[in-house]
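A.B. asks: sequence and predicted structure are below.
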Amino acid sequence: MIRILRQIFRTGIVTEPLPASAEDEIKLVGTKLEETIRKRFSRSLTIRQVDAGSCNGCELEIHAINNAYYNCERFGIHFTASPRFADMLLVTGPVTHNMEIALRRTYNATPPPKLVVAVGDCGCNGGIFGESYASLGGIDKVIPVNIVIPGCPPTPIALLNGILKAVS
């Protein structure tokens, strides 16, 4: 353990800060998000993220909006493990046959008014997987979708803009 800590101290910080233009864009979108969330929800926006069968590229970008650089918590966005506390479902991937029932149950467990956001090309229309023996296609084939965020995978800024569009 001591050896690992020494290596960490020797290595130091190896991540690079975001470019100034990206930081400005995050602050601009974040300010709009925070104002809209406070007006519409009079508290924070709680999101339940559901993987309906994706390759995990979109999940990595969703995790990125929660890291130290993007820090979506400062704008009033929180993630929850339970759909019963969620205001929004953030669904990724084409819906596989095995996830169809689970996605419907998650949707039904979310209290109204609920927002559903399809993330990535696979969530929008099935992407490269399309409709096949294992996949039903896009999220809209199973549950109603309010907003789609295209991209393979969409950038964290695109995700924040999509969430802003959904709550506006």
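C.D. replies: Looks like it came in fine. Residues are numbered from 1 along each chain as shown.
A.B. asks: show me the contact partners of the top strand by length along the chain.
C.D. replies: With DSSP state E setting the assignment, residue counts place strand 45-51 as the longest strand in the chain. The contact list for strand 45-51, computed with CB atoms under 8 Å, 6 or more residues apart in numbering, reads 37, 59, 62, 76-83, 85-93, 99, 103, 106, 110, 163, 167. From N, CA and C alone the C-beta is placed, and that goes for glycine too.
A.B. asks: what angle do strand 45-51 and the next helix or strand after it make with each other?
C.D. replies: Per DSSP states H and E, strand 45-51 leads on to helix 57-64 as the next helix or strand towards the C-terminus. Comparing the axes of helix 57-64 and strand 45-51 via axes from the mean of the first three to the mean of the last three CA atoms, to 10 degrees yields an angle of 150 degrees.
A.B. asks: within the sheet, what are the partner strands of the helix or strand following helix 57-64, with directions?
C.D. replies: Per DSSP H and E, the first helix or strand lying C-terminal to helix 57-64 is strand 77-79. The strands that strand 77-79 pairs with in its sheet are strand 45-51 (parallel) (by DSSP bridges).
A.B. asks: tabulate the CA atom coordinates of the strand it pairs with in CSV.
C.D. replies: The C-alpha coordinates for strand 45-51 follow below in CSV (Å, rounded to 0.1, in the frame of the first residue of the first chain):
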residue,chain,number,x,y,z
LEU,A,45,-33.4,17.2,-11.3
THR,A,46,-33.0,13.5,-10.4
ILE,A,47,-32.0,11.2,-13.3
ARG,A,48,-32.2,7.4,-13.5
GLN,A,49,-29.8,6.1,-16.2
VAL,A,50,-30.8,2.9,-17.9
ASP,A,51,-28.6,0.8,-20.1
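A.B. asks: quick one: mean pLDDT over it.
C.D. replies: Average pLDDT, strand 45-51: 92.
A.B. asks: go through that strand and flag the buried ones.
C.D. replies: Buried residues in strand 45-51, counted by 16 or more other CB atoms under 10 Å: 45-51.
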